[in-house]
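Student: Return a 3D structure for these sequence lines:
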Amino acid sequence: MSEDRSETGGEFEREPVPDSALLGSGKFWGMYAGEHTAGTEFMIGPLFLSAGASIQDLILGLLLGNFLAVLTWRFLVTPIATRKRMTLYYQLERIAGGSLVKIYNLVNGLLFCFLAGAMITVSASAAGVPFGIFYEVPSATFGFGAPSFTALVLVVGAVMAIVAAGGYQTVARVANIAAPWMIAIFAACGIVSLVQMNATGIDSIVRGDYWRDAVQFVQSRNGPQTFGFWQIVVFAWLCNGAMHFGMSDLSIFRFARSRSSGWAPAIGMFLGHYMAWIAAALLLAALIKVQPDVAVGSDGRVNANPGLLAYQALGWAGILCVVIAGWTTANPTIYRAGLAFQGILPATSRSVMTLVAGAVATLAGAFPNLSAQLLDFVGTYGTVLGPMGAVIVVDFYWMKRFGLQNEFAHRSGIKFNLAVFIAWLLPVAVGLYLIIWRDLFAAYAVIPAWLVCGILYLVLSKFTQREAVAATQPNWNHSANAGA
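Tutor: Here you go, the predicted model:
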């Protein structure tokens, strides 16, 4: 029996979304524009400059990487989402079993909370500028900022959590309203920065003498780094690896009326992860040229302070843009985390679990150093969460072709699918080892871990399904016939 809509708030967390609740493409274009033209773009863009990327590599690498990301959403995520119309978490429960999915949901929810926390930090960095409350990065990864900044993070995080608790349509409505204005502000930031540096014409932009000067200035204080073309491509493609390769956005596109909605991430990738990243990087380059002393923090290092960068370029409009951009990105991220936590305690309401996720994200936002390490963090969370998406893809397309049952936990009644657990754990463990102890660029591990997980799941299922069927033959026959 379907859940009562009045009790679920129309979110359908544990059943397929019915036709009456499907949404047109406009809802998705607005949400992706708002989510990926975001406060964190003010942080990530300058990090490219700080890491030593050239302007030529940035322009071309982001173009290719974002194109690959759009294709992945459209042709990997959307077909499954519009066929199954289930959240990631409920779909995994039917494949992996409730006990295993609780473990995954906990990891998933916490990592999304840390990502949302970085967005809360970014918004707070702007909200504090008028009050003289500035974003400073402490030396310790889990070090708090100034007490006044921590208090501001708590206020900003509380507002974001309340909005996210309103459900997907509330999140999409906020993004639709804010997105067009934010896109215009990001473009203005880039134009103002070029004017401040007297960079005119395409030749001046591509040649980028001002860019090389800024890179040298940063590295003279922060130490030398390199960030090449293929690193940029892979980062742009896989910085949202948990959402497309990891299938998290099944929870979003399950509401899509047609597969064409799967092109909606393009607006976020090319206006957000392309135009906005470059514009934000130009903000730091301009600040270094015009006011180099302002770009240097009290520790003598150059820190990308998003609120201050936007304020120096556009004044109050820049501050407002950073606040709202962080808000529209954190909202859907907290919403996803709330769904993950609800998967651990299905009897609780999604709204309550979203507020819990908001509280955890707010706590994470109080550690400014987390946002300063976004280039590494997003690759790591893609490595951890992405491979489970391979389980869903293999289960959807390949299990029956190899004579195996899809949604095996649901059909057999098992609570812990060992094949899924081993297939997920092994490549993730190897990936984290290479990232943490061998200094592998984190985004490089996402696709190898994803492919290995899918292959292992298929191979191991040959053995675990046969054993499970043999152990529970009478119950299995009844369940398989009922689910056929």
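
Student: isn't Leu63 right up against Tyr274?
Tutor: Yes: if you go by C-beta atoms under 8 Å, Leu63 and Tyr274 touch, sitting 6.7 Å apart. C-betas here are computed from N, CA, C, even on glycine.

Student: Have a look at those two and say which one is more surrounded.
Tutor: Neighbour tally, Leu63 and Tyr274, criterion other C-beta atoms under 10 Å: the higher count belongs to Tyr274, 21 against 15.

Student: give the contact list for the more buried one.
Tutor: 62-63, 66, 236 (C-beta atoms under 8 Å, 6 or more residues apart in numbering).

Student: my read is it is in a helix, agree?
Tutor: Yes: judged by DSSP: H, G, I helix; E, B strand; the rest coil, Tyr274 forms part of a helix.

Student: thinking again about what came up before, could you tell me which of the contacts of Tyr274 belong to helices?
Tutor: 62-63, 66, 236 (DSSP state H).

Student: Closest to Ile278 out of these?
Tutor: Leu62 (7.1 Å; C-beta to C-beta).

Student: pLDDT below threshold where in the stretch 1-150 of the chain?
Tutor: 1-11, 39, 139-141 (pLDDT under 70).

Student: mind listing the helices for it?
Tutor: 5-8, 25-36, 41-50, 55-72, 78-84, 88-96, 98-127, 147-164 (DSSP state H, counting those that start in this stretch).

Student: With Pro292 as the reference, name the closest of those helices.
Tutor: Among the helices of the stretch 1-150 of the chain, helix 41-50 comes nearest to Pro292, with 13.6 Å by C-beta to C-beta.

Student: Can I get the closest one in PDB, CA atoms only?
Tutor: Below are the C-alpha coordinates for helix 41-50, written out as PDB (Å, rounded to 0.1, in the frame of the first residue of the first chain):
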ATOM      1  CA  GLU A  41      32.600  28.300  -6.200                       C
ATOM      2  CA  PHE A  42      34.000  31.400  -4.500                       C
ATOM      3  CA  MET A  43      36.200  28.900  -2.600                       C
ATOM      4  CA  ILE A  44      37.100  26.400  -5.300                       C
ATOM      5  CA  GLY A  45      38.000  28.900  -8.000                       C
ATOM      6  CA  PRO A  46      40.700  30.600  -6.000                       C
ATOM      7  CA  LEU A  47      42.100  27.200  -5.000                       C
ATOM      8  CA  PHE A  48      42.900  26.400  -8.600                       C
ATOM      9  CA  LEU A  49      45.000  29.600  -8.700                       C
ATOM     10  CA  SER A  50      46.600  28.700  -5.400                       C
END
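
Student: Can you name the residues that contact the spatially most central residue of the chain?
Tutor: Geometric centre of the chain, nearest residue: Asn240, 4.7 Å, by C-alpha atoms, centre = their mean. Shown in contact with Asn240 (C-beta under 8 Å, 6+ apart): 36, 69, 378, 382.

Student: I figured the third one hits Phe114, correct?
Tutor: Read it as Val378. No: contact criterion C-beta under 8 Å: Val378 and Phe114 do not qualify, at 10.1 Å.

Student: thinking again about what came up before, which among the contacts of Tyr274 count as buried?
Tutor: Neighbour-count burial within the contacts of Tyr274 applies to 62, 66, 236; the criterion is 16 or more other C-beta atoms under 10 Å.

Student: Closest to Leu451 out of the contacts of Tyr274?
Tutor: Ala236 (19.7 Å).

Student: Leaving out chain neighbours, which residue sits closest to that closest one?
Tutor: Excluding the flanking residues, the one nearest Ala236 by C-beta to C-beta, 6 or more residues apart in numbering is Gly65, at 2.7 Å.

Student: Isn't that neighbour up against Val233?
Tutor: Yes: in this structure, Gly65 is within contact of Val233 by C-beta under 8 Å, at 4.2 Å.

Student: which of those two has more neighbours?
Tutor: Applying other C-beta under 10 Å to Gly65 and Val233 shows that Gly65 carries more neighbours, namely 24 against 21.

Student: now, which of the buried ones among the contacts of Tyr274 sits nearest Val107?
Tutor: The nearest member of these to Val107, counting by C-beta to C-beta, is Ala236 at 24.5 Å.

Student: and that closest one, what pLDDT?
Tutor: On pLDDT, Ala236 comes in at 96.

Student: how about it, what does it touch?
Tutor: Going by C-beta under 8 Å, 6+ apart, the list of residues near Ala236 reads 61-62, 64-66, 68-69, 269, 273-274.

Student: Many thanks, have a good one.
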